[in-house]
Each structure stands twice: as C-alpha cells, then as structure tokens.
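# here is a sequence together with a model predicted from it:
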Amino acid sequence: MKYHLFNESPFKTLISFHKIIEVLEQIAQSDIDYRSNYAKALLKEVENFPEFRTGIEDFSVIKKNETLISHLLADLFPTALTNNEIKAVTVPFQNFTFNYTERFKKILKDAGTNFDVTIRDFDEQEFYITNCCLILGVYYKQNIDFNKPFFYDIPDANGIINHYRILYNADFMEIIPSDNAPKLTQEDIDLLIDNYDDIALWKEKFPVGSWTLKGFGIIVLFDATTENAISNFKSNLLKSDAKTVATDEIITSIFKSIFKVPNLKVGFIIYNPEEEKFIRPMKFENKLQSFLLSKDQEIDCKNAFFGCSFENLLSKKEPLVISNVKKFIEESENKKLGEHLLKQNINSCVFAPIIKDGHLLGVVELVSSDPRVLNTINANKLNLVIPYLVDTIERYNIDMQHQIEAVIQREYTTIHPSVYWKFRKESEKYFQNSNQTKDYIFKEIVFKEVFPLYGQIDIKGSSEHRNETVKCDLKNQLEMLLEIFENQKENSNLILLEQRKFELHSLLEELDSPLKADSEQHIQRYIEDEIHPILKNTKSNSKAEKLEQKYFESLDEKTGLFYQERKKFDNAMSIINKKLAAILDKKQIEAQQIYPHYYERFKTDGVEHNLYIGASIAPTKPFDVMYLHNLRLWQLQTLCEMELEHHQLKTSLPYDLDVTSLILVFSSPISIRFRMDEKRFDVDGTYNARYEVVKKRIDKAHIKDSKERITEKEKITIVYSHNSEEAEYLKYIKYLQFKKILEPQIEQFEVEDLQGVSGLRAIRVKVVNNVPAALKITYQDLLDELK
C-alpha cells in the first residue's frame with residue numbers, strides 16, 4: 001500500500017498522544033489495582049519517548065514503535081472488535097493512516113501493495129481549503145457546513161471496487177495558532193465564505209504552516225457500497241420518461257439531506273444550444289419548478305434579465321452563487337435578477353451549470369429564504385449530484401431525439417421493420433468509414449429474388465360519388481343566393497341584381513350536365529368576385545339579412561363554398577379507409593410470424609398493399625415456398641375480413657358506398673430497390689417492371705369480349721397467369737367455402753388484353769355477408785372514432 005501525502009497545509013502537523021497519556025496518568029492514580037498497574041506499566045514505557053507527548057514530526061518514528069502505540073491505544077481499539085471494525089489512526093484529510101484493526105488490514109492486503117489509498121475526488125487545493133474551514137469552525141466558532149462525505153474506493157481480492165464512507169474523530173486533537181497566524185475579522189471570514197475557489201485568498205488568511213495541528217485523529221470506515229447503489233437509484237429520479245419523473249417534493253427532500261438546509265428549494269431548467277434559450281421541458285411541467293423561469297416556458301439566455309451575472313455560467317461554465325441577494329442588488333448592475341429572486345423570498349441561491357463534454361446541458365437551481373446558508377463553500381456539494389443530473393439530461397435529450405426520429409420514420413418514411421436491418425447495416429458501414437478522408441458512397445438497398453403479393457380494396461364509383469356531392473353543394477349554394485336576391489328590397493342596384501340572378505340561374509343549369517374539371521373553381525371565383533361584394537354592400541330587409549347570416553355561416557372556412565354533402569362523403573371515405581387499414585395493419589403483425597416480409601400500405605379511394613417475401617429479406621432464416629403459399633392464404637382471408645367489416649359499416653354511412661376487392665398473383669420472383677431520390681421501394685429492372693404495369697392497369701380492366709368490369713361489389717377478384725396459380729387459389733377458395741367465409745358459386749373468365757399485357761385470367765367469388773344486427777354501429781359513433 002502506498003500513501004499520497006499533500007505537501008502544503010495551513011497546519012504544522014505534530015502527531016501526539018498527550019491526551020491519551022494524560023488519561024493514563026489519571027488511571028494510574030485510581031484505586032482499581034489492575035487498571036492502575038496497567039496504566040503505570042504503559043507510562044513507564046512511554047517515558048523513553050518524550051516525543052509521544054510533545055509531538056512527532058518524523059512519521060518513521062511511528063513505524064518503529066507500532067507495538068507500543070498499539071498498546072497505548074488499546075482502549076480505543078478493543079481487541080474484541082478488531083475483526084469487526086474498520087478503524088485506524090490518521091491525520092484528518094491526509095492520506096496517512098496507521099494502527100489498523102485486523103479487518104482494515106485484510107482490506108488493504110486484498111487491495112494489493114501497489115494500491116494508492118486516496119480520498120475520492122479530493123485534490124491539494126480542496127485539502128488546503130478544507131483545513132482552513134476546520135480552523136473557521138473549531139477556532140473561530142463559525143457555523144459553516146464544510147464537511148462533505150469522504151470516500152475511499154478500494155478494490156477487493158477480485159478487483160471489485162468497494163466504496164467506504166470515512167468518519168473522522170478529532171477528540172484527541174488540538175488546533176493552535178502560531179505567532180505568525182493572522183487574526184481574522186468577521187469581514188475577513190465573510191470574504192472567505194464568498195470566495196471558496198480563491199486559493200490565493202485562503203493562503204493569504206491562512207499561510208502555510210501558520211497553525212499547529214497537535215494530536216491524532218481516528219478514522220472509521222463503513223462499507224457504503226450499498227449506499228452508493230442507492231445514489232445510483234436516486235440518479236433515476238429524473239428519468240426522461242414522463243411517467244417516472246420524480247416529483248418536486250422528492251427531489252427537494254434529497255437535496256435537503258445533502259445540504260442540511262431545512263428551507264431549501266430546488267429548480268431545474270434545460271439549455272437549448274440551437275436557439276440559445278433556457279427552457280422548462282414539457283415533460284417536467286408541474287413536477288420540477290424553476291425560479292428563473294417562474295412563469296415563462298422559455299427565455300433567451302441573452303435576455304437583459306440575466307445580464308452579466310450569467311456570463312461565467314454561460315461562457316466559463318462556472319456556477320453563479322449569491323449568498324446574500326439583498327447585498328447582490330446593492331452591488332450588482334443586474335438589479336432585475338436580484339429583484340426577481342427577492343420577490344420569491346429568495347435570499348441566497350446557487351445556479352450551477354450541468355456540463356457534458358464541455359457543453360452546457362442545463363442549470364440546477366438551489367434557493368433559500370435565509371441569507372448566506374447557500375454560499376461558495378457548500379455549493380461544492382453539488383459536485384456529488386451533478387453527475388447524476390448530467391446522465392439524466394443526456395438521457396432526456398437522447399430519448400427526445402429517438403422519439404422524434406421514431407415519429408419521422410413512422411409518419412414520413414416507409415422503412416418497414418423487416419428491412420430495417422439492411423439500412424442499419426449500411427449506416428454502420430458509413431460510421432465505420434466516416435473518419436477516413438475519402439467520401440463514403442452509400443450502396444443501394446436491393447432485395448433480390450423476392451415474391452410479390454399485391455392486393456387492394458377499392459371504393460366503387462368514388463369519383464362519381466364525389467362529383468355528385470360537389471354538384472349538390474354547389475346547387476344548394478346557388479339556390480340560397482338566388483333566394484337572398486329574391487328577398488332584396490328595391491334600390492339603386494336593382495339592374496345589377498337582375499343580371500346576377502340571371503348568371504346564377506345559368507350556373508345552375510350548367511350543373512345539370514356532367515361536372516367539368518374546372519366547374520368548381522369557376523363557380524367559386526364567380527361567387528367571391530361578383531356575388532359576395534354585392535351582399536356585403538347592399539342594404540337588406542330583415543328577412544334577407546337572416547338569410548345572408550345563415551348563408552355565410554354555412555360557408556366552409558377553407559374553401560368559401562358549401563361543404564355539407566361533400567363533408568359527409570369525405571367522412572364516409574375516411575371511416576372506410578381507417579377501418580379497413582386498421583384491420584390490415586393488425587393482421588399484418590400476425591402475418592410477420594409466418595415469415596418476415598416487407599409490407600407497405602397506401603390509402604387512396606380505398607386501401608392498397610404490397611408484400612414482398614423471400615430469403616434476401618430475412619437471410620438468417622431458411623426460406624421455403626411454403627411460406628409464400630401461407631402468406632397468399634393469409635392475404636385472401638384478410639381481404640375477406642375487410643369485406644365483412646365494410647358490410648358492417650355500410651348501413652351506418654350517409655352514402656351507400658360499395659367496395660371491390662382484387663388480388664394480383666405473380667409467381668416469378670423479382671428484385672426491389674430503394675429509390676434514394678424518392679425515399680421508397682420500387683421494382684428493379686426492365687423485366688420486373690411488367691409487374692408494376694399489370695398492377696396499374698388491372699383494376700379498371702373488363703372481362704374479355706364484355707363491357708363488365710372484372711371487379712364487382714362484395715366479391716374478391718383474383719387475377720393470375722398460370723394454371724398452377726389457378727389450382728393453388730381454387731384450393732384456398734374451397735377451404736374458405738368450407739369455413740363459411742366464401743359463397744359456393746365461383747366465376748372464372750379471361751381478362752381483356754391490356755396495353756402490353758395479355759393472357760391474364762381471373763377467378764371471382766363472393767364473400768358471405770352474415771353480420772348480426774347486434775354488431776351494427778351508428779354513424780355518430782364512427783365520426784367520434786374518426787376524431
């Protein structure tokens with residue numbers, strides 16, 4: 001074991017046993033023979049070492065007389081407790097100990113001969129100032145709390161670090177000023193209290209060796225490894241998860257225990273480096289208060305409110321300590337900050353920066369209603385908890401970043417979990433090469449030899465329905481305008497009104513014809529430019545005024561047109577899409593258990609989906625065509641469920657909207673490539689493009705030599721090319737007919753030749769629609785779900 005001794009100290013240290021010798025002299029004169037004889041025998045041995053009474057400066061004398069010292073201190077180190085207590089003689093705050101108990105000896109032996117016993121996080125400057133604070137407390141009787149917990153971190157025989165809390169007993173020590181020790185006034189003491197880090201000032205008031213520390217101290221250790229674990233638990237009290245954020249009461253209680261200030265309060269703010277603002281994170285709202293941002297959610301750190309007071313905190317990353325707020329107001333230029341604190345009955349405070357790798361993360365706020373109870377001395381105790389706060393804020397920032405990225409990925413990108421591994425692998429390659437001077441070129445994400453599955457459930461005649469609702473709203477709006485004009489009283493605008501009425505009638509007649517592409521925009525511009533100015537500038541009778549008020553209340557805020565019928569249609573479309581997409585998404589989670597595969601879904605006038613399955617998507621799992629067949633059956637069953645869901649919804653909707661279902665079977669494997677410019681997957685290669693051509697043209701196709709569409713309401717159409725595909729799907733249909741999901745009748749036909757596509761055939765079968773009346777749901781319930 002090695003010792004690391006601090007060279008400079010305000011003390012001249014004399015290890016002396018004079019107080020023990022004085023106690024032995026009293027025992028020697030007692031009437032208890034065995035005690036008296038024992039004391040006399042010890043005193044006789046000590047007579048040969050006068051320095052035991054006057055003081056030992058040469059520590060080697062201690063080493064030479066270990067046995068005698070052990071006998072001398074036997075009452076303080078009872079043999080019965082030597083294997084239980086961790087105790088030794090020491091000089092306070094120095095890393096020097098001797099006369100160990102047997103348990104202490106074993107701990108040091110396990111640590112090894114090369115282990116350097118040092119107090120954790122305790123340097124020469126802190127050693128010097130702590131000794132000065134000892135003089136202020138003992139000699140000058142100042143009520144300052146300078147004692148922070150001290151720890152030894154000592155490894156055991158297995159290399160595991162155990163943490164031991166250090167307790168000092170200074171009953172056998174005396175602090176004596178020398179002739180050259182400066183006498184301090186209260187003003188000097190206040191100056192020292194407010195300048196803990198000014199080592200030059202402390203050495204000026206307490207010169208090196210200007211005081212004598214005579215006697216010896218006793219050090220007692222207790223195993224605080226568990227206590228350290230509890231401290232780690234406390235570090236989780238500020239977790240980024242809002243559900244586990246500690247309340248202000250809990251945090252304040254912890255800090256009170258540390259600082260021993262009964263009326264201490266704790267606040268907390270986060271620093272946003274991008275906007276250079278202090279903010280209160282929304283997750284901590286009503287759980288951790290702030291005394292700097294008492295009402296504002298955020299404030300610019302360059303705001304005059306902070307002034308130059310925060311210069312050290314922001315630039316030098318040093319704490320702002322105000323031990324007396326009233327004095328701060330008198331002496332500082334930043335009276336605004338002081339007055340803000342005083343209004344909250346804050347008379348002393350500490351605002352300490354939380355730093356990670358040189359970057360400001362946030363500020364912890366300690367405040368008290370009593371002056372000077374918080375000062376530059378006890379502010380150093382924050383060093384015990386700030387590491388926990390650093391981890392807390394870092395976790396908060398990382399968690400927030402992850403959540404933002406998750407939202408972006410979920411809402412704005414189409415990277416499915418099944419292929420995420422390949423994107424991650426390419427990203428890892430980028431980071432591994434990011435330190436090289438040569439620019440890294442991202443490889444394209446390609447999955448070869450995958451089998452595609454395409455399906456859709458389309459709202460039949462959605463365009464016609466949409467046009468009809470638009471025409472209905474426009475007609476209602478024009479008719480109401482005509483009614484308003486009919487009730488206008490006669491005035492100077494009579495001729496103009498007649499012209500406008502004629503134009504409105506003409507527009508109504510136009511709406512009896514099929515709706516043109518620009519009809520809605522044309523009528524909207526006409527009403528806004530020609531009709532609304534008349535209504536706003538023409539005096540009306542009471543009946544017309546009521547009609548005008550009702551008219552303007554009926555206008556949609558965004559379009560300036562009537563939107564009643566179209567809104568019902570849009571809501572019906574949204575309800576259908578939401579319900580059907582929810583079924584597909586839920587069933588897709590189950591389908592991933594069959595074999596991992598890529599999945600994407602689109603909402604248009606219905607719901608479309610693409611599936612791609614193959615060994616390249618899940619290279620760690622063996623692939624068999626059985627999984628493809630399994631997924632095809634799953635797709636057919638899922639479309640049946642979606643058809644049933646629509647049938648249940650249908651009677652509750654304001655519009656009778658039917659749906660048609662389609663599956664495209666494609667047995668040739670293809671390749672898909674992630675398009676970096678479009679941020680989506682697409683088929684790769686000219687040959688594979690045939691699949692996309694079929695997808696885009698098939699849903700509007702007709703039965704060969706017929707005007708009938710291949711898709712029909714309440715039926716599922718399966719389009720295929722090969723006899724093997726026909727046989728496969730007929731087996732699936734037969735199974736689902738047995739399960740009473742599909743009706744017995746099966747239609748089979750050829751599909752008309754499409755541009756660049758021929759030879760397609762199809763199977764069409766109806767879904768059994770037996771929805772119990774109890775399962776019906778009201779339109780209002782559906783609207784509530786849509787919100």
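Received, thanks.

# tell me which other helices or strands whichever strand or helix holds residue 726 touches.
Secondary structure assigned from DSSP states H and E places residue 726 in helix 723-738. Applying 3 or more Cβ pairs under 8 Å, 6 or more residues apart in numbering; DSSP states H and E, one finds that helix 723-738 makes contact with helix 625-650, strand 715-720, strand 742-750, strand 761-767. Backbone N, C-alpha and C define where each C-beta goes, glycine included.

# swap the cut-off to 10 Å and go again
For helix 723-738, the packing partners by 3 or more Cβ pairs under 10 Å, 6 or more residues apart in numbering; DSSP states H and E come out as helix 625-650, strand 659-665, strand 715-720, strand 742-750, strand 761-767.

# out of these, the one nearest residue 592 is which?
Distances from residue 592 to each of those were compared using Cβ to Cβ; the minimum, 10.0 Å, belongs to helix 625-650.

# now the angle from that closest one to strand 761-767?
What separates the directions of helix 625-650 and strand 761-767 is an angle of 50 degrees, with axes from the mean of the first three to the mean of the last three Cα atoms, to 10 degrees.

# mean confidence for helix 625-650?
Model confidence over helix 625-650 averages 91 on the pLDDT scale.

# take the helices and strands packed on helix 723-738 and write them to JSON lines, including distance to residue 561 and mean neighbour count.
As requested, the helices and strands packed on helix 723-738 are arranged in JSON lines below (distance: least, Cβ to Cβ, whole Å; neighbours: other Cβ atoms under 10 Å):
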{"stretch": "helix 625-650", "distance to residue 561": "28", "mean neighbour count": "19"}
{"stretch": "strand 659-665", "distance to residue 561": "28", "mean neighbour count": "23"}
{"stretch": "strand 715-720", "distance to residue 561": "37", "mean neighbour count": "24"}
{"stretch": "strand 742-750", "distance to residue 561": "43", "mean neighbour count": "15"}
{"stretch": "strand 761-767", "distance to residue 561": "38", "mean neighbour count": "21"}
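
# all helices of the stretch 51-200 of the chain, in order?
51-54, 60-64, 66-72, 102-111, 124-138, 186-193, 199-205 (DSSP state H, counting those that start in this stretch).

# show me what the fourth one is packed up against.
Contact analysis of helix 102-111 by 3+ Cβ pairs under 10 Å, 6+ apart lists strand 86-90, strand 150-155, strand 161-169, strand 217-223 as its packing neighbours.

# would you mark the buried spots in the last one?
In terms of neighbour count (16 or more other Cβ atoms under 10 Å), strand 217-223 has its buried residues at 217-221.

# direction included, what does that strand pair up with?
Sheet pairing here is set by DSSP bridges, and for strand 217-223 it gives strand 86-90 (antiparallel), strand 161-169 (antiparallel).

# how far is that strand from where the chain is centred?
In terms of Cα atoms, centre = their mean, to the nearest Å, the centre of strand 217-223 is found 42 Å from the chain centre.

# residues in contact with it: which ones?
15, 73, 76-77, 85-94, 96-97, 99-101, 103-104, 107, 150-152, 154, 162-173 (Cβ atoms under 10 Å, 6 or more residues apart in numbering).

# cool, the shortest one as well?
Contacts made with strand 86-90 from outside it, assessed by Cβ under 10 Å, 6+ apart, are listed as 15, 17, 62, 69-70, 73, 76-77, 81, 96-108, 152, 164, 166-169, 172, 216-223.

# out of those, which are buried?
By the neighbour-count criterion of 16+ other Cβ under 10 Å, the contacts of strand 86-90 include these buried positions: 15, 17, 62, 69, 73, 77, 96-101, 104, 107-108, 152, 164, 166, 168-169, 172, 216-221.

# tell me which helix or strand the closest residue in space to residue 480 that isn't next to it in sequence sits in.
Across the structure, with Cβ to Cβ, 6 or more residues apart in numbering as the measure, the residue nearest residue 480 apart from its sequence neighbours is residue 551 (5.4 Å). Secondary-structure assignment from DSSP H and E places residue 551 in helix 542-554.

# rounded mean pLDDT for whatever helix or strand comes next after that helix, please.
Toward the C-terminus, helix 542-554 is succeeded by helix 564-591 as the next helix or strand (DSSP H and E). Averaged over helix 564-591, pLDDT sits at 87.

# does anything pack onto helix 564-591? Which helices or strands?
If you count contacts as 3+ Cβ pairs under 10 Å, 6+ apart, helix 564-591 packs onto strand 446-459, helix 462-486, strand 598-604, strand 606-613, helix 625-650, helix 779-786.

# neighbouring strands for the third one, and are they parallel or not?
Right, strand 598-604. On the basis of DSSP bridges, the sheet neighbours of strand 598-604 come out as strand 606-613 (antiparallel).

# output the partner strand as PDB - backbone C-alpha positions only.
As requested, the backbone C-alpha atoms of strand 606-613 are provided in PDB (Å, rounded to 0.1, in the frame of the first residue of the first chain):
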ATOM      1  CA  GLY A 606     -59.600   2.500 -50.700                       C
ATOM      2  CA  VAL A 607     -56.700   0.600 -49.300                       C
ATOM      3  CA  GLU A 608     -53.800  -0.900 -51.300                       C
ATOM      4  CA  HIS A 609     -51.000  -3.100 -50.100                       C
ATOM      5  CA  ASN A 610     -47.700  -4.600 -51.300                       C
ATOM      6  CA  LEU A 611     -46.000  -7.600 -49.800                       C
ATOM      7  CA  TYR A 612     -42.600  -8.900 -50.700                       C
ATOM      8  CA  ILE A 613     -41.300 -12.200 -49.300                       C
END
